[in-house]
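[1] Got a predicted model here, sequence first, then my questions.
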Number of protein chains: 4
Amino acid sequence: MRRRSVRYDGDTMTPKRVARRRRRLDPRARREQLLATAMRVVNRRGACRIEDVTAAARVAKGTFYLYFPSWEHLLVALRERVLEQYARETENKFSGMDQTSWRATCEAECVRFVDFVVGLGGLHTALFHGAIADRPIAEERSARHLIARLLRHGVELGAIEALDIETSAGLLFAILHSTADEIAQGGNRERLVGVMCQLVRRWLYQPS
Amino acid sequence: MRRRSVRYDGDTMTPKRVARRRRRLDPRARREQLLATAMRVVNRRGACRIEDVTAAARVAKGTFYLYFPSWEHLLVALRERVLEQYARETENKFSGMDQTSWRATCEAECVRFVDFVVGLGGLHTALFHGAIADRPIAEERSARHLIARLLRHGVELGAIEALDIETSAGLLFAILHSTADEIAQGGNRERLVGVMCQLVRRWLYQPS
Amino acid sequence: MRRRSVRYDGDTMTPKRVARRRRRLDPRARREQLLATAMRVVNRRGACRIEDVTAAARVAKGTFYLYFPSWEHLLVALRERVLEQYARETENKFSGMDQTSWRATCEAECVRFVDFVVGLGGLHTALFHGAIADRPIAEERSARHLIARLLRHGVELGAIEALDIETSAGLLFAILHSTADEIAQGGNRERLVGVMCQLVRRWLYQPS
Amino acid sequence: MRRRSVRYDGDTMTPKRVARRRRRLDPRARREQLLATAMRVVNRRGACRIEDVTAAARVAKGTFYLYFPSWEHLLVALRERVLEQYARETENKFSGMDQTSWRATCEAECVRFVDFVVGLGGLHTALFHGAIADRPIAEERSARHLIARLLRHGVELGAIEALDIETSAGLLFAILHSTADEIAQGGNRERLVGVMCQLVRRWLYQPS
DNA sequence: TATGAATGAGCCTTCATTCAT
DNA sequence: CATGAATGAAGGCTCATTCAT
């Protein structure tokens, strides 16, 4: 209702103005740039302010709002992107396997997941434990879901004994997650991954 | 969005006067009171604003700063206290045990830890995942340390096979932690604890 | 509160691309188009944002500034146009009249004015009570001036008794104006116009 | 959710700080001061920004929010105050009158109203035609209501002939209002009031 | 001419922290 | 010791206006 009060020079109706800086990108590219910059900035600093991103992107604050209605929207987009990337890398790794190959694949997947989370850096907290945390993730993209699928597969192949898949998936997720955190904080990767894999083997695999 | 309830009479928008009176209190007692109140408030609401605490303690905002230089200092003190309390409950549970009794105790301890974390409510996030998260915890108080001690004890008794204690302690911590989170978010306690215990048994115990 | 609908695909939050193509147009025609569109938009929504107008005109935002140095300039032009239109409709209605026909015409004119203002819709506030309000109106175009002329004519014909024409014109203007506002806000037209006409008759006409 | 990021000096947890200015008033007094300042500022400039008021009151911007949740709340309070003041001055002026005295009083009241509105200055627009405009006014306080009551009284006394009171009240309001506006814009008070009173007499009073 | 991405001043609101009483 | 009014840095969002293409 209240019109923004741009001041005019009394009678002349000439707006006062000041200097500017620089410009222009294809919208898709700019959005991409913002997303990428945010990815980088949040990854490094777990940053939180819109200005942190626009500054890093060397762009005016207002530009942000041309592409995202709010910070949370950006986070959602970021999360989407991260999940998508992970999902893409996971495709079709589990077709046509027997017990043995499944076990090897399973361990490899666990390690891959750990490395992926480590790579997320500050993104992890921002995207999965911050303001966005309670916003639902498309079921088929969630890590828990992927892990559950992995386990189910193992059970079907007889590679691991029957167990409470949902609950176990949650636990396995926590284990991978924790391992990643430790590595991210400077722990010895080999050692951590080793202990983790041993745990997985003892816990899940049939004594056979 | 959430409207502050502090000061306005809904209708008249006339400021309300709530009389209060200086109440001298022994400094130690006052500090105690603030800590206890904060404990309660943060536990319940995961509260965030200093005023939430002082209001609940029926104390002026400024009083807070007489006892804590900043909100973070309070959090540190709170965490200290929580850890202390947990440590106290843990004392001397492991003297004079054999393999069998150790295993039973170990499981019981795990469950107790889970329940403890669940009981923390909002404190958990605030103290262990918030602004304070990266501030170091006195080594001998940390859950990790206690867990490591527990494991070491088990190894010494031959109840569990030799393993990388530090790393394993971190993993076990994550497992307990995750279980607690799930319960706190409404998961079925029996089921979660059951799966967790099974994992612990398979992972740690000697096949004997 | 009102969310801009400009740019986001509700769900995906992916920016939408609406292709548009340069369309050269005779400058006069383009300016005309903008004015007409603004007229319509402001009339309907009492709109405020430049973008509302350019969007409705299916023209780029920047184009606006090719034809108007600022929003206020547009408003001034709009007002000019509205006044002109009204003036045109008023031309030559008062030639060759006697007392009786003048009185009838006068009342008709009052009603016409009221209806005109009602028809302005959102324009009314924007043009006569908004940012532009204090900018002077070309004397011979102002409603006040026209009303004064009408009155003067009546006095000359002896249809109404001598009075302070300028001042009375202001008052009459307010009366018509107010009546229009009431109607615009949903008041009963017949009733309002009726009372208004009665007032005019009693106030102005010679007891004869 | 997101805790404000006050920066601490790394380890020491000592907040950085800067200079300040000055202080303290009884809340009632401060609220009063803000209201009075706003009254003055809006009256003069028809101002709109919170900062205009706080600056004039030589108070920090945040202080405003200690007493009013938003600018609109302030406006409501201001309007309330203005109406109350007017109502108070109107009390009991119409008891025990006959036709003649009523007419005199009526005219006096009209003039008083005009002067009152003139005195409002920029407040008038801000309080009755701005953001607050659609918020309902307590019926018994509205100018229209008071005017209607006045007219009804006159009809009962036989001082004026029966008419459509509600509609007429609206019209009379507009007339007073317009007269006030003219005066506020520098018109000759005597002349304007004179014409207005003449109108009122001719319109309303019985030819008797 | 036309376009629409980019800019940044302007205004709002919150809340940790200070300090007069 | 205690109080709570006052402060102002932070950060969010909008939109008139500019300018590279």
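    Nice, thanks for sending it over.

[2] Quick check: which ranges of chain A have low pLDDT?
    Within chain A, the stretches with pLDDT under 70 are A:1-22, A:92, A:94, A:206-208.

[3] residues contacting the residue nearest the centre of chain A?
    The residue lying closest to the centre of chain A (C-alpha atoms, centre = their mean) is A:Val82, at 4.0 Å. Contact analysis of A:Val82 by C-beta atoms under 8 Å, 6 or more residues apart in numbering or on different chains lists A:120, A:123, A:127. Just so you know, the C-beta spots here come from the backbone N, C-alpha and C atoms, and that holds for glycine as well.

[4] Out of those, which sit inside helices?
    Of the positions in the contacts of A:Val82, A:120, A:123, A:127 sit in helices, assigned by DSSP state H.

[5] tell me the contacts of the last one?
    Spelled out, it's A:Leu127. Residues near A:Leu127 by C-beta under 8 Å, 6+ apart: A:42, A:75, A:78-79, A:82, A:120.

[6] you'd agree the residue nearest to the centre of chain A is in a strand?
    No: under DSSP: H, G, I helix; E, B strand; the rest coil, A:Val82 sits outside any strand and is assigned helix.

[7] hmm, back to that, out of the ones in helices among the contacts of A:Val82, which is nearest to DNA strand E?
    Using C-beta to the nearest atom of the strand, A:Leu127 is the member of those that lies nearest DNA strand E, at 22.6 Å.

[8] Mind telling me what element the residue of chain A found nearest DNA strand E is part of?
    In chain A, the residue that lies nearest DNA strand E is A:Gly62 (1.7 Å; C-beta to the nearest atom of the strand). Following DSSP states H and E, one finds A:Gly62 within helix A:61-67.

[9] Please apply the same query to A:Gln198.
    Element membership of A:Gln198 [criterion: DSSP H and E] is helix A:189-204.

[10] what angle separates that helix from helix B:189-204?
    In terms of direction (axes from the mean of the first three to the mean of the last three C-alpha atoms, to 10 degrees), helix A:189-204 departs from helix B:189-204 by 120 degrees.

[11] Tell me the buried residues in helix A:189-204?
    Buried residues in helix A:189-204, defined by neighbour count with 16 or more other C-beta atoms under 10 Å in any protein chain shown: A:189, A:192-193, A:195-200, A:202-204.

[12] Got the domain ranges for chain A?
    Following automatic domain parsing, one finds the domains of chain A at A:24-68, A:82-204.

[13] For the residue in chain A that chain C sits nearest to, give me phi and psi.
    Closest contact between chain A and chain C, by C-beta to the nearest C-beta, is at A:His73 (5.3 Å). Note on A:His73: its backbone torsions stand at phi -60, psi -40 [degrees, to the nearest 10].

[14] Can you report how many residues neighbour it?
    Neighbour count for A:His73, taken as other C-beta atoms under 10 Å in any protein chain shown: 15.

[15] likewise the one 5 residues further on?
    Burial of A:Leu78, expressed as a neighbour count using other C-beta under 10 Å, amounts to 20.

[16] for the one 3 residues further on, same thing?
    Look at A:Arg81: counted by other C-beta under 10 Å, it has 16 neighbours.

[17] residues in contact with it?
    Neighbour list for A:Arg81: A:35, A:39 [criterion: C-beta under 8 Å, 6+ apart].

[18] The one 4 residues further on too?
    For A:Gln85, no residue counts as a contact, taking C-beta under 8 Å, 6+ apart as the criterion.

[19] Please identify which helix or strand holds it.
    Following DSSP H and E, one finds A:Gln85 within helix A:71-90.

[20] buried stuff in that helix?
    Buried residues in helix A:71-90, counting neighbours by 16+ other C-beta under 10 Å, are found at A:71, A:74-83, A:86-87, A:90.

[21] of those residues, list those near DNA strand F.
    Subset of the buried residues of helix A:71-90 in contact with DNA strand F: A:Trp71, counting by C-beta under 7 Å from any atom of the strand.

[22] wait, isn't A:His153 in contact with A:Trp102?
    Yes: in this structure, A:His153 is within contact of A:Trp102 by C-beta atoms under 8 Å, at 6.9 Å.

[23] need the contact list for A:Glu107.
    A:197, A:200-201.

[24] Go through those residues and name the one nearest C:Ala36.
    A:Val200 (71.9 Å; C-beta to C-beta).

[25] re earlier: how far off centre is the helix holding A:Gln198?
    Its chain's C-alpha centre and that of helix A:189-204 lie 24 Å apart, by C-alpha atoms, centre = their mean, to the nearest Å.

[26] Show me what it is packed against.
    In terms of contacts (3 or more C-beta pairs under 8 Å, 6 or more residues apart in numbering or on different chains; DSSP states H and E), helix A:189-204 is packed against helix A:99-120, helix A:165-184, helix B:165-184, helix B:189-204.

[27] could I get those as a markdown table with distance to DNA strand F?
    Shown next, in a markdown table, are the helices and strands packed on helix A:189-204 (distance: least, C-beta to the nearest atom of the strand, whole Å):
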| stretch | distance to DNA strand F |
| --- | --- |
| helix A:99-120 | 21 |
| helix A:165-184 | 24 |
| helix B:165-184 | 27 |
| helix B:189-204 | 36 |
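
[28] Out of those, which is closest to D:Arg141?
    helix B:165-184 (53.5 Å).

[29] Residues in contact with the closest one: which ones?
    Contact with helix B:165-184 is made by A:167, A:170-171, A:173-175, A:177-179, A:182, A:187, A:191-192, A:195-196, A:199, B:110, B:113-118, B:121, B:124, B:143-145, B:147-148, B:151-152, B:155, B:189, B:192-193, B:196, B:199-200, B:204, as judged by C-beta under 8 Å, 6+ apart.

[30] Redo the buried residues of helix A:189-204 as a markdown table? Include distance to B:Leu35.
    Below are these laid out as a markdown table (distance: C-beta to C-beta, whole Å):
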| residue | distance to B:Leu35 |
| --- | --- |
| A:Arg189 | 40 |
| A:Leu192 | 36 |
| A:Val193 | 41 |
| A:Val195 | 38 |
| A:Met196 | 38 |
| A:Cys197 | 43 |
| A:Gln198 | 42 |
| A:Leu199 | 38 |
| A:Val200 | 42 |
| A:Arg202 | 43 |
| A:Trp203 | 40 |
| A:Leu204 | 44 |
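
[31] related to what we said a few turns ago, buried ones among the contacts of helix B:165-184?
    By neighbour count, with 16+ other C-beta under 10 Å, the contacts of helix B:165-184 hold A:167, A:170-171, A:173-175, A:177-179, A:182, A:187, A:192, A:195-196, A:199, B:110, B:113-114, B:116-118, B:121, B:124, B:143-145, B:147-148, B:151, B:155, B:189, B:192-193, B:196, B:199-200, B:204 as buried.

[32] coming back round to it: nearest to B:Gly46, out of the helices and strands packed on helix A:189-204?
    Nearest of the helices and strands packed on helix A:189-204 to B:Gly46, taken as C-beta to C-beta: helix B:165-184 at 11.2 Å.

[33] send the alpha carbons of that closest one over as PDB?
    Written as PDB, here are the backbone C-alpha positions of helix B:165-184 (Å, rounded to 0.1, in the frame of the first residue of the first chain):
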ATOM      1  CA  ILE B 165      39.200 -49.000  21.400                       C
ATOM      2  CA  GLU B 166      39.100 -45.300  20.600                       C
ATOM      3  CA  THR B 167      37.700 -45.800  17.200                       C
ATOM      4  CA  SER B 168      35.200 -48.300  18.400                       C
ATOM      5  CA  ALA B 169      34.100 -46.100  21.200                       C
ATOM      6  CA  GLY B 170      33.300 -43.400  18.700                       C
ATOM      7  CA  LEU B 171      31.200 -45.800  16.700                       C
ATOM      8  CA  LEU B 172      29.400 -47.200  19.700                       C
ATOM      9  CA  PHE B 173      28.700 -43.600  20.800                       C
ATOM     10  CA  ALA B 174      27.100 -42.900  17.400                       C
ATOM     11  CA  ILE B 175      25.000 -46.000  17.600                       C
ATOM     12  CA  LEU B 176      23.700 -45.200  21.000                       C
ATOM     13  CA  HIS B 177      23.200 -41.600  20.000                       C
ATOM     14  CA  SER B 178      21.300 -42.500  16.900                       C
ATOM     15  CA  THR B 179      19.100 -44.900  18.800                       C
ATOM     16  CA  ALA B 180      18.300 -42.200  21.300                       C
ATOM     17  CA  ASP B 181      17.400 -39.800  18.500                       C
ATOM     18  CA  GLU B 182      15.000 -42.200  16.900                       C
ATOM     19  CA  ILE B 183      13.300 -42.800  20.200                       C
ATOM     20  CA  ALA B 184      13.100 -39.100  20.800                       C
END
